[in-house]
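Q: Fold the following and give me the result.
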Amino acid sequence: MDLITLLLPVTAMGVRNQLAACARSSFQQLQPGPVLVLIPRGSSNLAFELLQELHVIGHWAVFISSADGVVVESSEKPSNIVLLPVSNQTELRNILRKMAAWNSRARFLILTFEETISRLALREFSELNAVNAVVLVFTPNSPNVKAYTWFPYLPPGQCGNEKFKPVLLDECLMENSAVFFRNMTLFPQKVPFDLSGCPIIVSTFPWPPFIIKSQENNETDKVFYTEGLEIKLISIIAQSMNSTIQYLPPPANESKWGGRTPSGTWNGLLGEVFYKRADVAFASMTATDERRQLLETTVRYWSNSVVWVIPRPKFISGWRNLLGIFKPMMWGIVALAYLLGSAFLCTLGRTVRHPMEPALYRNPGSCMMATWALSLEIGAHVHPRGLLMRLVFICWVIYCLQISTAYKSSLISFLTNPRFEPAISNMKQLVKSHLGFEYTVGLAEYFDDPADSSMRRIRNSLRFCHNITDCLNKVAVSADIALVSDKWYVEYLIPQLYLDSSGQPLLQTLPQEVLSYHVVMVLSRGNILLDRFNELISRVVECGLMEKWAKDIRRTRRLGPMSQGGAGERRLGISHLQSVFVFLLLGESVALVTLIIEMMIPKEH
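A: Numbers count the residues shown, from 1 in each chain. Below you'll find the predicted structure:
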């Protein structure tokens, strides 16, 4: 958008014509798009002559409004704005601030006869970071119209810290067909490609994997960040611009990202850029409507999401692990084979009578005890004598060895790697899980859907999490709450901080996302570095550097504590055999009860 402000008093007809001709040469440099003309009170005839010049050129659609009646909150912004004569300095300052707040990247063109107006206007533009501002000044003592502007980084190497000084850009020769002497553009590139080491002030805080860690210099109390996805991005931006990075300390009082408070003030990272203590802020932030309206956001360079963080499922109890080696159907087949094998062996012992055949194989109870002993790989104390009985007996022994080998081959794995209960996989299961629900900053508004019963139930029991680290620890240890948080942040921390002694994660994320968003950097309103930032960020994204850095971070995470600390080594201990001893005691108890019953019942001779 281009913004043109014309501040012209009443003057002689000849001078007006010459000045209008210079204005016509200036108008030629406007960008395509509609022109909004703002007419203050007490406009002169020259203002209407300038309107006629705009119509004659015919490159734009012209809209006319009173200067005090324009609504800057409108989302539709014209490409050019023309403000006609203003003589009051206070009114000028208010109009310029109003227009610059609407779009500080507009092109401002001011025509005036007063040097004080030109200096005042350029000073206001410098405070508002409106770099595309030009003042055309005509004085009675000069035959030419002088074009003044300001440069944010002049003189070179001073980083804009020098006292404000207007710069003569060009002169319009009114006696020579009203052409500019140097014939150069009135709106040159103001932000140099080489900042000569000027600092970019950054506000952020550790938020892995975007900002992984910080280092403090004890001598200067300065903060340095060395690793992280966004740290690499800002580093390559600063390197491309030949700039240095100055990090501010993390926001106080755990305000983190911050925002606008009920009192109207700003805190956190957003407060740093809103009050222009920092040039840019980032920590996996997104571009909300409020941030677009009151601040500046870069182009997107990453995608992230918000998910529910839940405790891992509980371990299946030890005795269930022993039974879980085979599926229920397999256990049914084993039991049926045992009954059929015992019945067949007993029936065969009664049918095929051998003189030396032990009576054990003719008694159903004794026969079942023998086949059960073989199933447990315990040898039978009495062997059959008949050929047919021996063949059946050998077949049963082979079957028992096969079943026992299959069982024991998975037994150690089940003992050292206990199985978990079924995990929560969707929102319905989460709502029915009887877990408490907590959220971090800025996420409560996403649970206000009155039409969704699950959302209503979550909203009614939702509590604010003041410290995300404490809340994650509570999810991992107490396992009685679910936390809605940043997916990339949690998935990075799980292998770093939330693993048990066997290398199993203590936290899980729900597959269903609460919301997804694009990650951007937030800059102060009217920051002159925004266009350069967007250009460099687009190049980094297009060449795939963001993906490459993300893969490097994932690989470093996988090769971190787990490999160094030996996590993943699982040794069999007494605790793994707890269920075995439970079954042993259960069997001994049954045997003892059976013995007592046999002793109490009189034997028949």
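
Q: For the rest of this, base every contact and every neighbour count on C-alpha atoms.
A: Fine.

Q: for this protein, what helix or strand is lowest in average pLDDT?
A: helix 561-565 (a mean of 41; mean pLDDT, DSSP states H and E).

Q: Which SSE is immediately downstream of that helix?
A: Where DSSP states H and E defines the elements, the next helix or strand beyond helix 561-565 is helix 578-600.

Q: same for that following helix, what does it pack against?
A: Helix 578-600 sits against helix 318-323, with contacts defined as 3 or more Cα pairs under 8 Å, 6 or more residues apart in numbering; DSSP states H and E.

Q: With only the CA atoms kept, save the helix or strand immediately after the helix it packs on in the chain in CSV.
A: Heading C-terminal from helix 318-323, the first helix or strand you meet, by DSSP H and E, is helix 328-351. Output in CSV follows, covering the C-alpha atoms of helix 328-351 (Å, rounded to 0.1, in the frame of the first residue of the first chain):
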residue,chain,number,x,y,z
PRO,A,328,-7.5,-67.6,25.1
MET,A,329,-8.3,-69.8,22.1
MET,A,330,-4.9,-71.5,22.3
TRP,A,331,-5.3,-72.1,26.0
GLY,A,332,-8.7,-73.7,25.3
ILE,A,333,-7.1,-76.0,22.7
VAL,A,334,-4.3,-76.9,25.2
ALA,A,335,-6.9,-77.7,27.9
LEU,A,336,-9.1,-79.7,25.5
ALA,A,337,-6.0,-81.7,24.3
TYR,A,338,-5.1,-82.5,27.9
LEU,A,339,-8.6,-83.8,28.7
LEU,A,340,-8.8,-85.8,25.5
GLY,A,341,-5.2,-87.2,25.9
SER,A,342,-5.9,-88.2,29.5
ALA,A,343,-9.2,-89.8,28.6
PHE,A,344,-7.7,-91.6,25.6
LEU,A,345,-4.8,-93.0,27.6
CYS,A,346,-7.1,-94.1,30.4
THR,A,347,-9.5,-95.8,28.0
LEU,A,348,-6.7,-97.5,26.1
GLY,A,349,-5.3,-98.8,29.4
ARG,A,350,-8.7,-100.4,30.3
THR,A,351,-9.3,-101.8,26.8
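
Q: So which other helices or strands are in contact with helix 328-351?
A: helix 364-375, helix 387-416.

Q: who's in contact with the shortest one?
A: When you say that, I think you mean helix 364-375. 338-339, 341-343, 345-346, 360-361, 379-380, 396-397, 400-401, 404 (Cα atoms under 8 Å, 6 or more residues apart in numbering).

Q: Let's test this: mean pLDDT of it, rounded?
A: What helix 364-375 shows for mean pLDDT is 84.

Q: Tell me the buried residues in that helix?
A: For helix 364-375, the neighbour count (16 or more other Cα atoms under 10 Å) marks 367, 368, 370, 371, 372, 374, 375 as buried.

Q: And those residues, which is closest to residue 468?
A: residue 375 (54.5 Å; Cα to Cα).

Q: Local confidence estimate at the residue lying closest to residue 139 once chain neighbours are set aside?
A: Using Cα to Cα, 6 or more residues apart in numbering and skipping the chain neighbours, the partner closest in space to residue 139 is residue 113 (5.5 Å). pLDDT for residue 113: 74.

Q: about what we covered before: closest one to residue 510 out of the buried residues of helix 364-375, please.
A: Using Cα to Cα, residue 375 comes nearest to residue 510 of the buried residues of helix 364-375, at 43.9 Å.

Q: hey, which strand is longest across the protein?
A: Secondary structure of the chain per DSSP state E: the longest strand is strand 507-523.

Q: which regions of the stretch 251-400 of the chain lie under the pLDDT threshold?
A: 317-322, 354-355 (pLDDT under 70).

Q: quick revisit: would you reformat the buried residues of helix 364-375 as CSV and include distance to residue 467?
A: Formatted as CSV, the buried residues of helix 364-375 follow (distance: Cα to Cα, whole Å):
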residue, distance to residue 467
367, 67
368, 63
370, 64
371, 62
372, 59
374, 60
375, 57
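
Q: And those residues, which two are furthest apart?
A: Farthest pair in these (Cα to Cα) is 367 and 375. Separation: 12.4 Å.

Q: returning to what we had before: quick one, phi/psi of the residue nearest to residue 139?
A: Note on residue 113: backbone dihedrals following degrees, to the nearest 10 are phi -100, psi 0.

Q: try residue 463
A: Per degrees, to the nearest 10, the backbone of residue 463 is at phi -120, psi 150.

Q: try residue 278
A: According to degrees, to the nearest 10, residue 278 has phi -130, psi 150.

Q: pretty sure it contacts residue 524?
A: Yes: between residue 278 and residue 524 there is a contact at 7.4 Å, judged by Cα atoms under 8 Å.

Q: Name the residue in the two with the higher neighbour count.
A: residue 524 (26 against 22; other Cα atoms under 10 Å).

Q: what sits against the more buried one?
A: Contacts of residue 524 by Cα under 8 Å, 6+ apart are 273, 274, 275, 276, 278, 279, 280, 295, 296.

Q: For it, give its distance to residue 270.
A: 9 Å (Cα to Cα, to the nearest Å).

Q: Equivalent analysis for residue 375, please.
A: Residue 375 is 72 Å from residue 270, by Cα to Cα.

Q: In the helix or strand hosting residue 170, which of the residues would be classed as buried?
A: Per DSSP H and E, residue 170 falls inside strand 167-173. Across strand 167-173, burial judged by 16+ other Cα under 10 Å covers 169, 170, 171, 172, 173.

Q: Going along the chain, name the strands of the stretch 151-300 of the chain.
A: 167-173, 179-180, 199-203, 213-217, 222-227, 244-248, 259-260, 266-267, 280-285, 296-297 (DSSP state E, counting those that start in this stretch).

Q: partner strands of the first one, parallel or antiparallel?
A: Looking back up the chat, that one is strand 167-173. strand 144-149 (antiparallel), strand 179-180 (antiparallel) (DSSP bridges).

Q: Can you lay out those strands as JSON lines showing mean neighbour count?
A: Below are the strands paired with strand 167-173 laid out as JSON lines (neighbours: other Cα atoms under 10 Å):
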{"stretch": "strand 144-149", "mean neighbour count": "24"}
{"stretch": "strand 179-180", "mean neighbour count": "20"}
